[in-house]
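Visitor: Sequence below, structure please.
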Amino acid sequence: MGRIAGRFARVEPRRRVRDLVLGLLSDLPRKNCWSIAEWAGEANPDGMQHLLGRARRDADTVRDDVREYVPEHPQDKNAVLVVDETGDVKKGTHTVGVQRQYTGTAGRIENSQVAVYLVYAGRRGHAAVDRELYIPRSWTCDPARRRAAGRSGRVTGRSQRILGHP
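Guide: A predicted model of the protein is given here:
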């Protein structure tokens, strides 16, 4: 955690990111803001949601820190990079990138958000080293919808970084 701590402007997000990472590494059967917040002893998911959605940070720099750290530690010559497309079913339509689309998570067309992850995997463990959110045309062609979701910047191409700031 020492490598990324300086990427967070305040001490509260630093502590919370530690709890988030430990929660993600835990044996919780389902990992989301609610379950990880409860596991960390918090009364509600507000702090975790704030960390992921609004806390000031440079997500790309944190990703770069993790990307540098990962191959230094497992030291596994047989490690591989895995590309995984994952869909997250969403109830609403306001989260960036959500639309009715096929997601393997549900096995059918649902309201969902789709992202692609690059994961370093070896005998001693695995770690996410990059991510990209799929932004459907229904979002790239609708500036009012992007603005309402806090993504008012110009979108070029069909994707935009997940967890980044506008």
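
Visitor: from here on, contacts and neighbour counts on C-alpha atoms
Guide: OK.

Visitor: Can you report phi and psi for residue 119?
Guide: The phi/psi pair for residue 119 (degrees, to the nearest 10) reads phi -120, psi 130.

Visitor: Who does it form a beta bridge with?
Guide: Legend: beta-bridge partners of residue 119 under DSSP bridges are residue 82, residue 128.

Visitor: Contact partners for it?
Guide: With contact set as C-alpha atoms under 8 Å, 6 or more residues apart in numbering, residue 119 has these partners: 81-84, 126-130.

Visitor: let's go with 7 Å and repeat that
Guide: Applying C-alpha atoms under 7 Å, 6 or more residues apart in numbering to residue 119 gives the contacts 81-83, 126-129.

Visitor: Can you select the buried ones from the residues you listed in PyMOL?
Guide: Buried subset of the contacts of residue 119, written as a PyMOL selection, criterion 16 or more other C-alpha atoms under 10 Å:
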select buried, resi 126+127+128+129
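
Visitor: Take the contacts of residue 119 and write them to a markdown table, including pLDDT.
Guide: Formatted as a markdown table, the contacts of residue 119 follow (pLDDT from 0 to 100):
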| residue | pLDDT |
| --- | --- |
| 81 | 89 |
| 82 | 92 |
| 83 | 93 |
| 126 | 80 |
| 127 | 81 |
| 128 | 83 |
| 129 | 85 |
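
Visitor: Return the member of the contacts of residue 119 nearest to residue 68.
Guide: residue 129 (8.9 Å; C-alpha to C-alpha).

Visitor: May I ask you to confirm that that closest one is in contact with residue 116?
Guide: No. Assessed by C-alpha atoms under 7 Å, residue 129 is found out of contact with residue 116, at 11.2 Å.

Visitor: And the strands in this protein, which stretches?
Guide: 80-89, 99-103, 108-122, 125-134, 159-160 (DSSP state E).

Visitor: For residue 46, which of those is the nearest?
Guide: strand 80-89 (19.7 Å).

Visitor: Could you list the buried residues of that closest one?
Guide: Result for strand 80-89 [16+ other C-alpha under 10 Å]: buried residues 85-89.

Visitor: Equivalent analysis for stretch 132-149, please.
Guide: Buried, per 16+ other C-alpha under 10 Å, within stretch 132-149: 132-136, 139-140, 143, 145-146.

Visitor: Same check on stretch 88-102?
Guide: 88-89, 95-99, 101-102.

Visitor: now it, how far from the chain's geometric center?
Guide: 15 Å (C-alpha atoms, centre = their mean, to the nearest Å).
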